[in-house]
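Enquirer: Let's see this in three dimensions:
(one chain, ligands or ions: 1)
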Amino acid sequence: MAGIIAKNREDRPYALTDGGGCSSNLSNKFKKRCLKNADRTFAQATQCQETNSIAALLSMEDAAFVVHAPNGCVGCVSFMNDNFKVGQFHRKIEKIRNARYIVTNVDEKDVVLGGEKKVKEAVLELENRYKPNIIFIFTSCASGIIGDDVDSVANIVQKEVNAIVVPIHCEGFKSRVPATGFDTVFKAIEKYIIKGEKPKKEKGLINVFATTSIGYKDQLEMENLLAVLGLHVNYIPFYSSVEKLKRIPAAEYSVAVCQVFADEFMEHLKEYYDIPYSKTGMPIGIRSTDEWFLSVARLVGKEDIALKYIEKEHERVLPQIAKIRDHIGGKRVFICAGTGRGIAAATLIEDFGMKLVGIQTPTYEEALIENFEQLEEIHGGDFIIDIANMQPFEQSNLVNKLKPELFIGMSTWVSKLGVPSTHILESKRPTFGYNGLLYLGRKIENAVENPSFNIKLAKHKKLPYKNSWYSENAFKYFKEVGNEE
Ligand code: SF4
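Expert: Here you go, the predicted structure:
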């Protein structure tokens, strides 16, 4: 099974993780292969791949987890656990429970003497407490730096427990792109669970690979769309189980929630298990929902059915969208989100007649260039692209200069600049398909028409940057000359 997801995302051919400038300028240079990774001499508040690896698996029904890390590395898990519990409520699970995990709390003593003993003890404790079918062991920067041999521990302890013990090598320092953490998970799923086995094909079964941020309403929206095409869903990896993961190769088709998630894994499934797949942007907004649905319909040879369905749905929602457009059309928007959701948000605002002025994206690569060209067709080629994993100092500088009338995304920082903000990362409400479009439209309209919270916040709370920073070039800390605003 050689070759499955052997690389970090930044090691893919011509994938950039740092850079920025005017969209048309970047895409021209990219196509001529003369756009280089800028590399920052200063960086702030980046996200790590370990978080994504944990998030991908935390909701598995029959799993328990060891996080071999200092306690700080699981800071985000309380937030994931909250989503997990809300997800159980939405799925009508009666006995709502917490995720089952133990953190080894790697400390100074472990750094000197090694922490492998703690990992073994944690696995045995989880087996004893919960009798799970599978126990995942997540590594961290600290466990990687001290060289703990988690694979050997897993092999040794496997003889003492019934659960399958699976190491996940997700040390944060190993990749600049947090989405690598998802790839690491899929690699382990193949190696320890699927193991090259080829069960009998199940007619009409489609794997739907979804990121952690997808709520139950959005899961149902995708399942309803796919049911129109006569398909039933194996939804992976959220709220799944060992049994559901083993069922992956039984599917006739695969689709992912966006063009980024599980892309290499779906290619692997095509190569080794003969499962064709469709890869498009996230089904948010009219254009992206149509494309997502149609691309699956083409895969299964039912384009005519999809087109009829789309026509009916457009008749239903477009008059309501037109009303929203009357209120917020022409407003200028800055977007900061993960690559797939960010691009989807930039197509979504087209429905409301809004104009993109800037977008932050964690990567800019071959697989996305068509998407960015499509955004240029929609919004013109003059919007700013900031290729960045967070970097709030750059974001604040750009937003302050561009003065958008709405910010979509994580607004922790820019809300203190007084810019009206909202987000479309809703794991508790609908954002996908034609129904999600209406919800998001009303939400965006509400944010634009009610900016007083952000205006008041800006009066009372300042960001930590000096005023002089806002007149500097936002890309001042790039090593590579030639990236310009
Ligand atoms: S694994 Fe590394 S980068 Fe990730 S939270 Fe822990 S220390 Fe930070």
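Enquirer: In stretch 34-45, which residues are buried?
Expert: 35-38, 40, 43 (16 or more other C-beta atoms under 10 Å). C-beta: built from backbone N, CA, C; applies to glycine.
Enquirer: Show me which residues of the stretch 101-250 of the chain sit near the ligand.
Expert: By the criterion of C-beta under 6 Å from any ligand atom, the positions of the stretch 101-250 of the chain lying close to the ligand are 140-141, 172-173.
Enquirer: are any of the residues you listed buried, and which?
Expert: Buried among those (16+ other C-beta under 10 Å): 140-141, 172.
Enquirer: could these go into CSV alongside distance to Ala297, pLDDT and secondary structure?
Expert: Output for these, formatted as CSV (distance: C-beta to C-beta, whole Å; pLDDT from 0 to 100; DSSP: H, G, I helix; E, B strand; the rest coil):
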residue, distance to Ala297, pLDDT, secondary structure
Ser140, 43, 97, coil
Cys141, 44, 96, helix
Gly172, 40, 93, helix
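Enquirer: Distance to Val357 for those residues - can I get that in a markdown table?
Expert: Below are these laid out as a markdown table (distance: C-beta to C-beta, whole Å):
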| residue | distance to Val357 |
| --- | --- |
| Ser140 | 38 |
| Cys141 | 36 |
| Gly172 | 32 |
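Enquirer: Mind checking which of the buried residues of stretch 34-45 land in helices?
Expert: Using DSSP state H, the subset of these located in helices is empty.
Enquirer: List just the nearest of those residues to the ligand.
Expert: Ala43 (12.0 Å; C-beta to the nearest ligand atom).
Enquirer: just checking, the closest one touches Gln391?
Expert: Yes. In this structure Ala43 lies within contact range of Gln391 using C-beta atoms under 8 Å: 6.5 Å.
Enquirer: Phi, psi for Leu356 please.
Expert: Leu356 adopts backbone torsions of phi -80, psi 130, taken as degrees, to the nearest 10.
Enquirer: how much space between the spatially closest residue to it that is not a sequence neighbour and Val357?
Expert: Spatial nearest neighbour of Leu356, excluding adjacent residues (C-beta to C-beta, 6 or more residues apart in numbering): His379 at 4.1 Å. Distance from His379 to Val357, counting by C-beta to C-beta, to the nearest Å: 8 Å.
Enquirer: now the residue of the chain found nearest the ligand, nearest residue through space, not along the chain?
Expert: At 2.4 Å from the ligand, Gly172 is the closest residue in the chain, using C-beta to the nearest ligand atom. Of all residues beyond its chain neighbours, the one nearest Gly172 is Cys48 (3.4 Å), with distances taken as C-beta to C-beta, 6+ apart.
Enquirer: What are the structural domain limits within the protein?
Expert: Each domain of the chain is listed here as a residue range: 49-175, 318-471, per automatic domain parsing.
Enquirer: mean confidence score for the last one?
Expert: Right, the one you point to is domain 318-471. Domain 318-471 shows an average pLDDT of 93 in the prediction.
Enquirer: hmm, it touching the ligand?
Expert: No. Remark: domain 318-471 sits outside contact range of the ligand, by C-beta under 6 Å from any ligand atom, the gap being at least 11.1 Å.
Enquirer: Now the terminal residues of that domain, how far apart.
Expert: One end of domain 318-471 to the other measures 42 Å (C-alpha to C-alpha, to the nearest Å).
Enquirer: same question, the shortest one
Expert: The first and last residues of domain 49-175 sit 7 Å apart, counting by C-alpha to C-alpha.
Enquirer: Sort out which one of the buried ones among the residues of the stretch 101-250 of the chain next to the ligand lies nearest Leu113 for me.
Expert: Leu113 lies nearest to Ser140 out of these, by C-beta to C-beta, at 17.0 Å.
Enquirer: Verify the stated contact: that closest one with Val66.
Expert: No. At 11.0 Å, Ser140 does not count as touching Val66 under the criterion of C-beta under 8 Å.
Enquirer: Could you tell me how many residues sit around Ile206?
Expert: Neighbour count for Ile206, taken as other C-beta atoms under 10 Å: 25.
Enquirer: Pretty sure it sits against Ala250.
Expert: No. At 10.8 Å, Ile206 does not count as touching Ala250 under the criterion of C-beta under 8 Å.
Enquirer: And Gly358, which helix or strand is it part of?
Expert: strand 355-361 (DSSP states H and E).
Enquirer: Return the distance of that strand from the chain's centre.
Expert: Chain-centre distance of strand 355-361: 18 Å, with C-alpha atoms, centre = their mean, to the nearest Å.
Enquirer: which other helices and strands contact it?
Expert: Helices and strands touching strand 355-361, as assessed by 3 or more C-beta pairs under 8 Å, 6 or more residues apart in numbering; DSSP states H and E, comprise strand 332-336, helix 339-351, helix 366-379, strand 384-387, helix 392-402.
Enquirer: Quick one: the helices in the stretch 151-300 of the chain, in order.
Expert: With helices called from DSSP state H, counting those that start in this stretch, the stretch 151-300 of the chain shows them at 180-188, 216-228, 242-246, 263-273, 286-300.
Enquirer: Could you give me the buried positions within the shortest one?
Expert: If I follow you right, that is helix 242-246. 242, 244-245.
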